[in-house]
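Novice: task: produce atomic coordinates for the following.
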Amino acid sequence: MATKSGRTIIAEQKFSWKIFFLKWEWLLVILFIGINLMNANLSQYYLSGEGLLNATNSFLEKAFVALPMAYILVLGDIDISVGSTACLSAVMLAYCYNLGVPMGACVLICLLTGTICGAVNGLILTRFTELAPMIVTLGTQILFRGIAEAMLGDEARGGLSTVKWFSDLYWGKLGIVPIMLLCFIICAAVFAFVLHKTCFGRRLYAIGANKLAAEYAGIKVQQIRMIVFTLTGTFAAVTAVFLAARMGSTRADIATGYEMEAIAMAVLGGFSTDGGKGNFPGLVLAIFIVGMLRYGLGLINIPSQLMLVVIGALLIVTVMLPNIRSMVKIQKKAA
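Specialist: Just a heads-up that it's a prediction; the model follows:
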């Protein structure tokens, strides 16, 4: 900053191509290209335009949970109850439909259930700020799935596929583009805009960088946390809607492990569990990297257990790269 004739002049920062191309997102772009090349070599059926579009349906239902999970991580919090929230929301949808409630009302009940679950997390964490989010959401994870098991036991509630418009939410297409893919693109664009282009998004980063400083700056930290946790519950219910539309029925054990996949996608996308870091383009790339890797391995009949090993190893190696680079720089300076 410099002053001239009583006026304040802020010097513009020079654009650096080096800094631009060293961004985390470029590593993800290279990884995405590499995975697609590998899949194309593994299977001759991979590079089918219609097949690739259809493949998005196999992983995008989980991606809806990853969108608000990115906000949670920017805040420096965590929510491991989203899988159970999705389960309970789907169970409520099927339970009400089997009681004769119209499907449109059942979807609204599903979304309301998820919103209430998210609000419960937010209410506890904002009223008792000394509690750790991981412990609280671990408790609600057990609670929500326990309620679902109490409602259904070992039974399944089905018949959902008889409602065509509901099944079309997952299986339907507009032209050749799956409806769920279009919904995801719209939701991802809105989430990215809010995070990167609005005051609300800047406040999220400020809270994640330094919660105490954000409070002193006049940011309503607990109110924003409440909004984000409630939103996370709502989008867990959105996942439940697509999951129920795919399966045509629900059980008390569905959506198991969804919380770990959502967190893994967000971390791979560059969002830090320490808070205050991450960009939405990285998250979207990470979602498609994990999804396309699963699809490609599935085409050559790789067992699901081995897929988890490969994806886990990929995640560990990828997130270690920045730390390795930092260590190399420190060693060079020391030398």
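Novice: check which helices and strands the host helix or strand of residue 124 sits against.
Specialist: Element membership for residue 124 (DSSP states H and E) is helix 103-127. Helices and strands touching helix 103-127, by 3 or more C-beta pairs under 8 Å, 6 or more residues apart in numbering; DSSP states H and E, are helix 82-98, helix 133-152, helix 164-171, helix 221-247. No exception for glycine: its C-beta is placed from N, CA and C like everyone else's.
Novice: how far away is the residue most central in space within the chain from residue 158?
Specialist: With distances taken as C-alpha atoms, centre = their mean, residue 66 lies nearest the centre of the chain, 0.2 Å away. Between residue 66 and residue 158 the computed distance is 28 Å (C-beta to C-beta, to the nearest Å).
Novice: can you get me a residue count around residue 270?
Specialist: Residue 270 sits with 25 neighbouring residues when counted by other C-beta atoms under 10 Å.
Novice: biggest helix in the protein, by residue count?
Specialist: Counting residues, the longest helix found in the chain (DSSP state H) is helix 304-334.
Novice: report the buried residues of that one.
Specialist: 307, 311, 314-315, 318 (16 or more other C-beta atoms under 10 Å).
Novice: cool, stretch 146-166 as well?
Specialist: Residues 147-149, 151-152, 156-158, 160-161, 163, 166 are the ones in stretch 146-166 that count as buried (16+ other C-beta under 10 Å).
Novice: mean confidence for that stretch?
Specialist: What stretch 146-166 shows for mean pLDDT is 90.
Novice: what about that stretch, start to end distance?
Specialist: From its first residue to its last, stretch 146-166 covers 27 Å (C-alpha to C-alpha, to the nearest Å).
Novice: just send the helices and strands packed on helix 103-127 back as JSON lines, with distance to residue 287 too.
Specialist: Below are the helices and strands packed on helix 103-127 laid out as JSON lines (distance: least, C-beta to C-beta, whole Å):
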{"stretch": "helix 82-98", "distance to residue 287": "15"}
{"stretch": "helix 133-152", "distance to residue 287": "22"}
{"stretch": "helix 164-171", "distance to residue 287": "17"}
{"stretch": "helix 221-247", "distance to residue 287": "13"}
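Novice: which of the ones you listed is buried the deepest?
Specialist: Mean neighbour count, computed with mean count of other C-beta atoms under 10 Å, is highest for helix 82-98 among these, reaching a mean of 28.
Novice: where does pLDDT dip in the chain?
Specialist: For the chain, applying pLDDT under 70 flags the ranges 1-22, 321-323, 325-326, 328-329, 335.
Novice: which secondary structure state does residue 255 sit in?
Specialist: coil (DSSP: H, G, I helix; E, B strand; the rest coil).
Novice: quick one, phi psi at it?
Specialist: Torsion angles at residue 255 (phi, psi; degrees, to the nearest 10) stand at phi 60, psi 20.
Novice: try the one 10 residues further on
Specialist: When read as degrees, to the nearest 10, the backbone of residue 265 gives phi -60, psi -40.
Novice: spit out the contact partners of it.
Specialist: Residue 265 is in contact with 62-63, 66, 69, 283, 286-287, 290, counting by C-beta atoms under 8 Å, 6 or more residues apart in numbering.
Novice: let's see that with 6 Å instead.
Specialist: If you count contacts by C-beta atoms under 6 Å, 6 or more residues apart in numbering, residue 265 has them with 66, 286-287, 290.
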